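Asker: Task: produce atomic coordinates for the following.
(one chain, ligands or ions: 2)
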Amino acid sequence: MTETWGQFKSFDEKKFEALDPEFTKKVSELLGGQDLAACFQCAKCSAGCPVSDKVNIQIHEVMRMLLFGLPEVLETDMIWLCTTCYTCQERCPQGIDITDILFGLKNMAFKKGIAPQGYIAARQSFYDMGRLYEPTDWEREDLELEDVPELNVDDTKKILDKTGLMKLEEVE
Ligand code: SF4
Ligand code: SF4
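Answerer: Ligands and ions are numbered 1, 2, ... in the order given. The predicted structure is shown next:
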C-alpha cells in the first residue's frame with residue numbers, strides 16, 4: 001500500500017510507454033464514464049477546482065489520461081485530494097459527471113492497493129471500533145467531556161463482512 005498521498009510522484013517528465021484501450025473501456029463503464037469521450041479539454045473543470053494548486057495533475061488532465069488509456073492516472077493525488085465538491089461537474093459544458101467518475105477511480109485504485117495510508121487506517125478503525133479515528137484524551141478533557149464510550153460493533157462488523165469492505169483489494 002502507498003504510505004501517504006504525498007508520495008505520489010509528480011508527472012513531470014514522465015514517459016508513458018503504452019496506451020491501454022481496455023482501461024478506457026473499464027472507465028467508460030463507471031458511473032458517469034459513458035460521456036468520457038465528450039470531453040474537449042476546455043479545462044473549465046480545473047479552473048474551478050478548489051484543490052487545483054495542491055495536486056500533481058489537474059482534473060482536465062485526468063480526463064485526458066482516461067481517454068488515452070493511461071492506468072497511471074490511478075496513482076495521481078487528484079483522485080484522493082478531490083473534495084468531491086462537484087464544482088467541476090457543475091461547470092462542465094459537456095455535462096460530464098466528472099466527480100462521479102472520480103468516485104469510481106477511487107474504488108479502482110483502492111482495489112489495486114493504491115491508496116493513502118490514512119484511508120487504510122480509517123477503514124481499519126471503522127471496522128474495529130465503529131469510528132474513523134480514536135479521539136485523543138486531551139481534546140475531550142479540554143472540552144470537559146466524558147471518555148468516549150465503547151461501541152458494540154458486532155452488528156456493523158457483520159454488515160461490513162457481508163459487503164466485503166475489508167476485502168476490497170481482493171476484488172478486481
Ligand atoms: S470541463 Fe468538461 S469538457 Fe472541459 S475539460 Fe473538463 S471534463 Fe472536459
Ligand atoms: S469535485 Fe474534486 S475534482 Fe471536481 S472541482 Fe471538486 S475537488 Fe476538484
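
Asker: Confirm for me that K112 is in contact with L74.
Answerer: Yes - applying Cβ atoms under 8 Å, one finds K112 in contact with L74, separated by 6.4 Å. Every C-beta, even on glycine, is put in place using the N, C-alpha and C of the backbone.

Asker: Neighbour count for these two, which is higher?
Answerer: Comparing K112 with L74 by other Cβ atoms under 10 Å, the one with more neighbours is L74, at 19 against 14.

Asker: which residues touch that one?
Answerer: The contact partners of L74, by Cβ atoms under 8 Å, 6 or more residues apart in numbering, come to 105, 108-109, 112, 114.

Asker: Contact partners for T24?
Answerer: Contacts of T24 by Cβ under 8 Å, 6+ apart are 36, 66-69.

Asker: Quick check on those: which are buried?
Answerer: 36, 66-67, 69 (16 or more other Cβ atoms under 10 Å).

Asker: wait, which of those residues is closest to W80?
Answerer: L66 (16.1 Å; Cβ to Cβ).

Asker: And the helix or strand where that closest one lies, what's buried?
Answerer: If you go by DSSP states H and E, L66 is part of helix 59-68. Residues of helix 59-68 classed as buried by neighbour count (16+ other Cβ under 10 Å): 59-67.

Asker: May I ask which two of those are separated the most?
Answerer: I59 and L67 (13.2 Å).

Asker: Report the separation between the two terminal residues of stretch 38-50.
Answerer: 23 Å (Cα to Cα, to the nearest Å).

Asker: Isn't M78 up against R64?
Answerer: No - taking contacts as Cβ under 8 Å, M78 lies outside contact range of R64: 12.0 Å.

Asker: mind listing the helices for the chain?
Answerer: 21-28, 44-47, 59-68, 78-81, 87-91, 98-111, 117-129, 137-142, 154-163 (DSSP state H).

Asker: re the thing from before, and which of the contacts of T24 is nearest N152?
Answerer: After measuring the contacts of T24 against N152 - Cβ to Cβ - the closest member comes out as L66, at 42.6 Å.

Asker: quick one, what contacts the closest residue in space to that closest one that isn't next to it in sequence?
Answerer: What sits nearest to L66 in space, not counting adjacent residues and going by Cβ to Cβ, 6 or more residues apart in numbering, is V27, at 4.9 Å. Contacts for V27 (Cβ under 8 Å, 6+ apart) come out as 33, 36, 66, 101, 104-105, 108.

Asker: Now for the spatially most central residue of the chain: which residues touch it?
Answerer: The residue lying closest to the centre of the chain (Cα atoms, centre = their mean) is K106, at 3.3 Å. Going by Cβ under 8 Å, 6+ apart, K106 touches 79-80.
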